[in-house]
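**Q** Here is my input, please return the structure:
(one chain, ligands or ions: 2)
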Amino acid sequence: MVDVFLNQILNVRKLALNNEKTFQLNDSNCDWLKFLLSEIEQLPGSSQDPPQDTHKDSYLNIDIKIVKKDNSELLEHIFLEGSIDCFYKTSCIRCLNDMNDSFTIDFKACFIPKILEKNEIYADQLTIYANSEEMELYFYEEQIIDLKEFFHEQISLNINQFPLHSEECKGMCQVCGENLNEKICVHQQENCCTL
Ligand SMILES: [Zn+2]
Ligand SMILES: [Zn+2]
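**A** Ligands and ions are numbered 1, 2, ... in the order given. The predicted structure follows:
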């Protein structure tokens with residue numbers, strides 16, 4: 001079951017051509033996923049630090065299918081396809097109360113050699129039509145794909161930046177910081193002069 005612990009750096013040279021591999025990664029069998037989850041929960045830490053403790057109910061699962069192909073047009077290229085499923089702890093942007101949020105992201109990407117970036121067909125393109133479908137386009141160099149960076153980007157582009165514990169959240173008073181879901185402070189009353 002060594003495959004379960006897919007390294008954050010994927011070495012393109014080590015992939016056998018046309019040999020599709022599937023992996024099921026999660027934050028308890030994979031340290032770099034645990035790190036990504038701690039980033040999602042915005043716990044302190046930089047990429048040099050060991051993974052931080054995440055909330056006990058939180059999880060990050062990634063199902064991924066990887067296959068390397070080779071042809072005269074795209075040279076050695078790698079398809080990554082799958083989904084990211086996450087449940088995590090965050091706080092409401094209006095009242096700052098703890099809350100849970102979740103997301104599911106389906107991804108489909110094609111990594112082609114960096115040398116093709118000079119080709120005007122691929123330069124400045126975000127997607128590519130390959131394997132009979134449209135998918136995201138990435139370039140790799142020195143035979144390396146940084147999976148952690150790829151997933152970090154997928155997550156930051158898709159995560160809810162404005163979590164609300166409820167659509168009706170009344171937020172906090174700008175003057176005294178009172179949580180207005182619990183109590184209406186003097187500043188929020190109609191005849192208050194400070195607003
Ligand atoms: Zn709230
Ligand atoms: Zn107030």
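**Q** separation between residue 119 and ligand 1?
**A** Distance of residue 119 to ligand 1, given as CB to the ion, to the nearest Å: 50 Å. For the C-beta atoms, the positions are set from N, CA and C on the backbone; glycine is no exception.
**Q** Just give the number of residues close to that residue.
**A** 11 (other CB atoms under 10 Å).
**Q** One more: residue 12?
**A** 17.
**Q** any idea what sits nearest it, other than its immediate chain neighbours?
**A** Excluding the flanking residues, the one nearest residue 12 by CB to CB, 6 or more residues apart in numbering is residue 143, at 4.5 Å.
**Q** where's the one you found relative to residue 137, distance?
**A** For residue 143, the distance to residue 137 equals 18 Å [CB to CB, to the nearest Å].
**Q** Please, which helix or strand holds the most centrally placed residue in the chain?
**A** For the chain, the residue nearest the mean C-alpha position is residue 155 (1.8 Å; CA atoms, centre = their mean). Element membership for residue 155, per DSSP states H and E: helix 147-158.
**Q** and that helix, what other elements does it pack with?
**A** strand 9-11, helix 31-40, strand 75-91, strand 98-113 (3 or more CB pairs under 8 Å, 6 or more residues apart in numbering; DSSP states H and E).
**Q** and if we set it to 10 Å?
**A** Packing partners of helix 147-158 (3 or more CB pairs under 10 Å, 6 or more residues apart in numbering; DSSP states H and E): strand 9-11, strand 21-26, helix 31-40, strand 59-71, strand 75-91, strand 98-113, strand 133-140.
**Q** tell me the most buried of the ones you listed?
**A** Scoring the helices and strands packed on helix 147-158 by mean neighbour count under mean count of other CB atoms under 10 Å gives helix 31-40 as the most buried, with a mean of 22.
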